[in-house]
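Student: The following comprises the amino acid sequence and a computationally predicted model.
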2 protein chains.
Amino acid sequence: MANGARSPRERGYIGVGLLGMGVVGTGVAEALTAQADFVQESVGFPVNLRGILVRDAAKKRSAIVDRSLITTNLSSILEDPAVDIVIELMGGEDAALAAIRTSLSTGRSVVTGNKEVMAKHGAELFTLAHSADAALRFEAAVGGAIPVISALQRGLTGARIHALRAIINGTTNYILSQMASEGVAFEEALSNAQAHGYAEADPGNDINGIDAAYKLAVLASLAYGSSVSPESIHCEGIANLAARDFRYARELGYAIKLLAVAKERDDGAIDARVHPAFMDSQALLAKVDGVYNAVQFDSESAGELLLYGRGAGAGPTTSAVLSDLVDVARGMIGENRANLRAAPQPARRVHPMEELDFRYYVRMTVADRPGVLAAIARVLGDGLISIASVIQQEVDETAGSAEIVIMTHRAREAAVRGALRTLTELDVVKEIGSAIRVEE
Amino acid sequence: MANGARSPRERGYIGVGLLGMGVVGTGVAEALTAQADFVQESVGFPVNLRGILVRDAAKKRSAIVDRSLITTNLSSILEDPAVDIVIELMGGEDAALAAIRTSLSTGRSVVTGNKEVMAKHGAELFTLAHSADAALRFEAAVGGAIPVISALQRGLTGARIHALRAIINGTTNYILSQMASEGVAFEEALSNAQAHGYAEADPGNDINGIDAAYKLAVLASLAYGSSVSPESIHCEGIANLAARDFRYARELGYAIKLLAVAKERDDGAIDARVHPAFMDSQALLAKVDGVYNAVQFDSESAGELLLYGRGAGAGPTTSAVLSDLVDVARGMIGENRANLRAAPQPARRVHPMEELDFRYYVRMTVADRPGVLAAIARVLGDGLISIASVIQQEVDETAGSAEIVIMTHRAREAAVRGALRTLTELDVVKEIGSAIRVEE
């Protein structure tokens, strides 16, 4: 909490200051407004948005967010004694860095999505956070909602990571996927990505690999407990790839991906590099297409691990910011160490299976004579179960039996069970071999 | 820390008691012995193994582990004032539950891999941990080294999870993968799994879905902030599936998986069920084969997320236990809240790119005349770069040019760059179109 201020417990809520109201900032502000109950339930304590810093106060903003919170005055947020947590979503380097420094040095915890600041100044900010006993979180800086930072900071701390390979730039992965599947040239794939909102008007830092290098610096620093600067990362972009390269790659059994790679070598030194790479087309990462991101870890003890998801966009990034916020807030009210779980919530009713609806696959052995399917269809119809398709196969002439496979439309579990019981009682049904639900 | 005992800081180390020395317990004991440096580096503080509970003191044990630590006396561990953290790997329900209760109620933190205890008694133990201000961690209980518990407790706390679908039993997934790919019957696939060590001699709780139901109870309880008991989970096993079902499934465009599913419905109630299911064969989960596990989350804001890895086995499970241990230990020395990062470690050297070895794909436009390939091969040979394969294609007769694609064997980056520079100076080489590394 901020120096000299009342604690969240005394005050009755955790106060949040939000810096920046772009797409993600708006998503966070809306969530802290419209989903305040969900956040409070997750934290186990009220969380109040105290102020939102914007550059242009006159700009039209989300109707959900309380306009009186919006300010162009950074100090009004950073000096508010009721602000315990600052969420930095300004982007860019200098102003964001200054705001994070001020926040941490006044004992406020910080949640940021700023990969550039974390890549370049992470070591300094960690030290600052540590000496101020404040939290510094940045799940949103890499891989959108993919919980890769929390994996490296917590779930995988006991694994010695030999290599991490990542697809961590959605724009370039979309472009490469387009070039591979459509056979188009780089320029056309880029325009296409821009038309779909998957590339910025100025996509420079995506295309040339800088964005991926920032993210790799963050991941490699955590994975190897060492400060890996973005300048030390070899970085090549994708602008020189030709449509022909994708054809040759396919012929040779490869996919082309913009990979961010960090590996530990036997001498204790590491590789850290971002460049287009041929990958065996059967490798998991080679199958990560479009705007999806994935991070793969190789560890002698833990084996191969892959985390996969939407690496960018308002929703996933907002979700990552909120997850950090919830976690930091839990720590402030003492929930964190004990069990990392919010206050017990009311028990949820678990639906009895009978009330659920499924499509069903049913395989049965029946007598091989006319009218059998009609008899079966009648039983299903009586249960209001409609048939989507039927396969009749593998007639066993000696036994006079046939096999029927039925795919149903969605039907109530209780009705299906009843119909199956009735079917087993039919003379013409010798056996119900399998009845398997379709998961959709 | 235990009541009345000195704190880890005063004592100079964090003390660990280990209950159980089966495969995973042995892995943990070995890691805390042979990799003590790695653990200390990860925690930022010494971690000492104080005692190991076994059932049979006479049994031959790992030569790495200090025999003097081994005891059959539970009290000697649970009453040791220098034991801050108890690692429970006894398995089973009653004795393990009693040991966890005693540990937590005396203020000791607990790391466990016991899915049965967590599924049946999680709510009670969370409350106990909370009131004792002790940590309770169980990453190893679900999905081996896949950091799914830490994702649910931390990285995804801001995401409202609509559905989770999981393949969380390696034995059954191996059997189903065998039935699908080899066309064998259940019994044969089971024997095969047993022969490869992927199924226990008594595989009952795997085959009938109970193991998956315990794990689902743990996951669903965390995802929905509600205590989902294993008894409330509908549970069907895989023993009734026939080889024919896999053939029909393939014909119809499906894979068959033993799925654990928890979904939130509009009425606030949830589904929780384990049963074989048809899944669209193009779905990500449908492609998770063999002993691998995966957990997929659907969230409106975060989109689709998948965590994938080895779900069982000594290495991955040991890794999960160590990760929990490191995290809990960090919390004890105050590292946790600030930055979830160990004390700064010496900076690692980052290899200059020139020192690394890669296979290379090189595409170039050359003059279409005799001797060209020989000239190129000479340049590569001078750089000690050997050629793995050559494709010559797309002759442009008007321009008198041809295209050559070369895959090299592994070669030093500096040598490849030098050779490419020399090649561009050859009269016969019109352009080096692309030079792309192969990531292996």
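Tutor: Received the coordinates, thanks.
Student: Now the residue in the stretch 201-350 of chain A positioned nearest to chain B. Nearest residue, chain neighbours left out?
Tutor: Closest approach between the stretch 201-350 of chain A and chain B, counting by Cβ to the nearest Cβ: A:Leu322, at 2.6 Å. Heads up, the C-betas are built off the backbone N, CA and C, glycines and all. Sequence neighbours aside, B:Gly158 is the residue nearest to A:Leu322 in space, at 2.6 Å (criterion: Cβ to Cβ, 6 or more residues apart in numbering or on different chains).
Student: three-state assignment of that neighbour?
Tutor: At B:Gly158 the chain is in coil, as set by DSSP: H, G, I helix; E, B strand; the rest coil.
Student: Neighbours of it, how many?
Tutor: Using other Cβ atoms under 10 Å in any protein chain shown, B:Gly158 is surrounded by 28 other residues.
Student: And A:Ala201, by the same measure?
Tutor: Neighbours of A:Ala201 (other Cβ under 10 Å): 5.
Student: Surely it forms part of a strand?
Tutor: No - counting by three-state DSSP, A:Ala201 falls outside a strand, being coil.
Student: OK, contacts around the residue of the stretch 201-350 of chain A closest to chain B?
Tutor: Residues counted as contacts of A:Leu322 (Cβ atoms under 8 Å, 6 or more residues apart in numbering or on different chains) are A:28, A:31, A:39, B:157-159, B:301.
Student: Look at it and give its secondary structure.
Tutor: Assignment for A:Leu322 (three-state DSSP): helix.
Student: How about A:Arg55?
Tutor: Once three-state DSSP is applied, A:Arg55 turns out coil.
Student: In this structure it contacts A:Asn73, no?
Tutor: No - A:Arg55 is not in contact with A:Asn73 according to Cβ atoms under 8 Å; the separation is 11.6 Å.
Student: Quick check: A:Asp396 vs A:Asp368, distance?
Tutor: 8 Å (Cβ to Cβ, to the nearest Å).
Student: swap in A:Thr106?
Tutor: From A:Thr106 to A:Asp368 the distance is 83 Å (Cβ to Cβ).
Student: What of A:Arg55?
Tutor: Computed as Cβ to Cβ, the A:Arg55 to A:Asp368 distance reads 77 Å.
Student: So between these two, which is more surrounded?
Tutor: Legend: neighbour count by other Cβ under 10 Å for A:Arg55 and A:Asp368, higher for A:Asp368 (16 against 11).
Student: ok, the residue nearest to the more buried one when sequence neighbours are not counted - contacts?
Tutor: Excluding the flanking residues, the one nearest A:Asp368 by Cβ to Cβ, 6+ apart is A:Ala402, at 4.2 Å. Shown in contact with A:Ala402 (Cβ under 8 Å, 6+ apart): A:365-368, A:372, A:392-396.
Student: helices and strands of chain A: which one has the lowest mean pLDDT?
Tutor: Using mean pLDDT, DSSP states H and E, helix A:335-339 stands out as the lowest-scoring helix or strand of chain A, at a mean of 48.
Student: Identify each buried residue in the following helix or strand past that one, please.
Tutor: Next helix or strand after helix A:335-339 toward the C-terminus (DSSP states H and E): strand A:357-367. Residues A:358-367 are the ones in strand A:357-367 that count as buried (16 or more other Cβ atoms under 10 Å in any protein chain shown).
Student: Please apply the same query to stretch A:37-48.
Tutor: Quick answer for stretch A:37-48 (16+ other Cβ under 10 Å): A:39-48.
Student: Let's have those residues in JSON lines, adding pLDDT.
Tutor: Putting these into JSON lines (pLDDT from 0 to 100) gives the following:
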{"residue": "A:Val39", "pLDDT": "92"}
{"residue": "A:Gln40", "pLDDT": "92"}
{"residue": "A:Glu41", "pLDDT": "87"}
{"residue": "A:Ser42", "pLDDT": "86"}
{"residue": "A:Val43", "pLDDT": "89"}
{"residue": "A:Gly44", "pLDDT": "87"}
{"residue": "A:Phe45", "pLDDT": "92"}
{"residue": "A:Pro46", "pLDDT": "95"}
{"residue": "A:Val47", "pLDDT": "97"}
{"residue": "A:Asn48", "pLDDT": "97"}
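Student: Considering only those residues, which also neighbour chain B?
Tutor: Among the buried residues of stretch A:37-48, the residues within reach of chain B (Cβ under 8 Å from any Cβ of the partner chain) are A:39, A:41-42.
Student: Is A:Arg61 in a helix, a strand, or coil?
Tutor: Note that with three-state DSSP, the state of A:Arg61 is coil.
Student: That one: what's it in contact with?
Tutor: A:21, A:26, A:54, A:67, A:70.
Student: so where's chain A uncertain?
Tutor: A:1-5, A:335-346, A:394 (pLDDT under 70).
Student: so which of the contacts of A:Leu322 comes closest to A:Gly204?
Tutor: A:Val28 (26.3 Å; Cβ to Cβ).
Student: tally of neighbours for the closest one?
Tutor: Count around A:Val28 with other Cβ under 10 Å applied: 30.
Student: Quick one: list the elements packing against the one helix or strand it maps to.
Tutor: With elements taken from DSSP H and E, the one containing A:Val28 is helix A:23-34. Taking 3 or more Cβ pairs under 8 Å, 6 or more residues apart in numbering or on different chains; DSSP states H and E as contact, the helices and strands that helix A:23-34 lies on are strand A:14-19, helix A:36-43, strand A:47-53, helix A:314-332.
Student: could you redo the last one with a cut-off of 6 Å?
Tutor: When contacts are defined as 3 or more Cβ pairs under 6 Å, 6 or more residues apart in numbering or on different chains; DSSP states H and E, helix A:23-34 packs onto helix A:314-332.
Student: May I see the buried residues of the helix it packs on?
Tutor: Buried, per 16+ other Cβ under 10 Å, within helix A:314-332: A:314-332.
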